[in-house]
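**Student:** Fold the following.
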Amino acid sequence: MKTLISAVLAAAVLIAPASLAHAADKVRFGSIRVPVQIFVGMKMGFFEEQGIEVEPVFYKSGSEIAPALATDQVDAAFTTSGAALFNALARGAKITIVAEALALEPEAPGGDPTAIVLRSDLIKNPQKPAEDLKGKTLATTAPGQILDIMIKAYLKKIGLSPSDVKIVGMPMPDIVPALSNGALDGAIVIDPFLSALVEAGKVKVLARSSEILPNASQAFLALSDSMRQRQDLSVRFVRAYLKTNGWMRQALASPDGRKEIAAIFQEFVPARSAEVYELIALGTASASAEINVDGEYGLKWQLQVLKDEGLIKGDPDLDAHLDSDLLKRAGQE
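**Tutor:** Next comes the predicted model:
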């Protein structure tokens with residue numbers, strides 16, 4: 001009898017861990033429908049390794065993401081720099097920025113997905129872009145966004161001011177036909193729209209974003225207040241994100257790696273074909289994913305630029321919304 005009891009108890013010990021295993025923690029990730037690292041980490045199983053199930057929540061506009069984070073509609077999200085983010089922080093939105101999502105990195109492994117372009121027929125002197133740009137109509141997505149900061153920084157670099165051109169706001173999908181039919185002279189454009197325009201011969205690239213604001217952080221991984229309170233989950237999520245970003249940076253250096261990444265993005269954000277993602281630039285965070293805060297073109301510089309333009313209402317305390325320790329803990333562990 002003792003032998004039978006011992007056998008039953010032994011079997012129970014072996015079965016218990018599986019039967020009592022915790023269900024994966026669910027994290028709602030907010031994003032517009034663009035190819036981002038999180039989707040790669042989901043498919044590669046890096047989040048699953050950390051006991052996390054990621055649920056994508058898609059939004060039509062990036063301006064919807066900060067409010068969604070602030071009201072706990074999503075737990076984590078990628079958000080871009082700009083007036084919308086800084087004004088949300090100034091209003092007291094409980095959002096914590098924890099890591100870089102997109103670096104304007106010269107010689108980035110996936111290339112640079114953003115550039116200022118001018119219609120090919122308007123370029124008379126490639127060596128003197130100021131002469132070709134003066135008096136032209138240029139499009140950006142919206143005043144105060146990071147792309148708007150870039151286009152104005154470029155104008156300053158070549159000796160022009162915003163008043164020397166006409167800058168209009170326009171959704172990115174509308175910029176392509178406007179350039180093609182001559183309604184626009186130039187624009188700041190992101191991939192895949194950028195590659196399509198260049199390949200068709202409609203535009204020529206004047207400058208890449210990494211040439212205009214080298215090593216600036218353009219986008220960030222941010223957490224909601226309720227997510228931030230769950231310290232262990234936050235560390236595990238960032239750890240999986242770091243592994244994803246590192247894997248992508250290596251994979252993008254080879255054709256086979258690019259093909260694998262392209263297939264993943266095609267599943268989450270379908271393009272005409274997966275080959276599109278093999279050809280266009282795909283941005284990543286820097287190797288460390290540390291946010292450029294105080295450096296040249298850093299987050300504080302970007303905030304000051306927008307303050308000087310009168311686009312920030314209030315005085316956001318950036319330091320109160322940044323947590324670099326979480327990234328360090330995730331990397332160390």
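**Student:** What is the burial count for Leu160?
**Tutor:** The tally of other residues near Leu160 (other Cβ atoms under 10 Å) stands at 17. All C-beta atoms are positioned from the backbone trio N, CA, C, and that covers glycine.
**Student:** Glu49 reaches Phe237, doesn't it?
**Tutor:** No. Assessed by Cβ atoms under 8 Å, Glu49 is found out of contact with Phe237, at 11.6 Å.
**Student:** higher neighbour count, those two?
**Tutor:** Phe237 (28 against 13).
**Student:** Backbone torsions only: list them for Val165.
**Tutor:** phi -130, psi 170 (degrees, to the nearest 10).
**Student:** And it, how far from Lys128?
**Tutor:** Relative to Lys128, Val165 is positioned 15 Å away (Cβ to Cβ, to the nearest Å).
**Student:** the more surrounded of the two?
**Tutor:** Of the pair Val165 and Lys128, Val165 is the one with more neighbours under other Cβ under 10 Å, namely 19 against 11.
**Student:** So that one sits against Pro129, correct?
**Tutor:** No. Using Cβ under 8 Å, Val165 is not in contact with Pro129; the gap is 11.3 Å.
**Student:** lowest-pLDDT helix or strand in the protein?
**Tutor:** Least confident helix or strand of the chain, by mean pLDDT, DSSP states H and E, is helix 2-19 with a mean of 37.
**Student:** residues touching the residue lying closest to Gly201 once chain neighbours are set aside, list them.
**Tutor:** Spatial nearest neighbour of Gly201, excluding adjacent residues (Cβ to Cβ, 6 or more residues apart in numbering): Ser120 at 6.0 Å. Each residue near Ser120 by Cβ atoms under 8 Å, 6 or more residues apart in numbering is listed here: 201-204.
**Student:** Can you say which of those residues are buried?
**Tutor:** Taking 16 or more other Cβ atoms under 10 Å as the criterion, what is buried in the contacts of Ser120 is 202-204.
**Student:** Run a quick neighbour tally on Asp25.
**Tutor:** 17.
**Student:** Mind pulling up the pLDDT for it?
**Tutor:** Per-residue pLDDT puts Asp25 at 94.
**Student:** got it, and Ser61?
**Tutor:** According to the prediction, Ser61 has pLDDT 75.
**Student:** Show the contacting residues for it.
**Tutor:** Ile32.
**Student:** what stretches of the stretch 1-150 of the chain score poorly on pLDDT?
**Tutor:** 1-22 (pLDDT under 70).
**Student:** quick one: the strands in it?
**Tutor:** Secondary structure of the stretch 1-150 of the chain, counting by DSSP state E, counting those that start in this stretch: strands at 25-32, 52-59, 76-80, 95-103, 114-119, 137-140.
**Student:** Please list the residues outside the third one that contact it.
**Tutor:** Counting by Cβ under 8 Å, 6+ apart, the neighbours of strand 76-80 from elsewhere in the structure are 27-31, 36, 38, 62, 65-66, 68-69, 85, 95, 97, 101-102, 145-146, 218-224, 227, 237.
**Student:** Buried ones among these?
**Tutor:** Neighbour counting over the contacts of strand 76-80 (16+ other Cβ under 10 Å) leaves 27-31, 36, 38, 62, 65-66, 68-69, 85, 95, 97, 101-102, 145-146, 218-224, 227, 237 as the buried ones.
**Student:** Thr140 versus the residue nearest to Gly201, what's the distance?
**Tutor:** Using Cβ to Cβ, Ser120 is found at 20 Å from Thr140.
**Student:** How is the protein divided into domains?
**Tutor:** 19-105+215-332, 114-212 (automatic domain parsing).
**Student:** phi, psi of the nearest residue to Ala70 once chain neighbours are set aside?
**Tutor:** Among residues not flanking Ala70 along the chain, Ala93 sits closest, at 3.8 Å (Cβ to Cβ, 6+ apart). With angles defined as degrees, to the nearest 10, Ala93 sits at phi -60, psi 130.
**Student:** tell me the contacts of Ala93?
**Tutor:** Ala93 neighbours (Cβ under 8 Å, 6+ apart): 66-67, 69-70.
**Student:** Of all pairs in these, which one spans the longest distance?
**Tutor:** Greatest spatial distance among the contacts of Ala93 (Cβ to Cβ): Pro67 and Leu69, at 7.3 Å.
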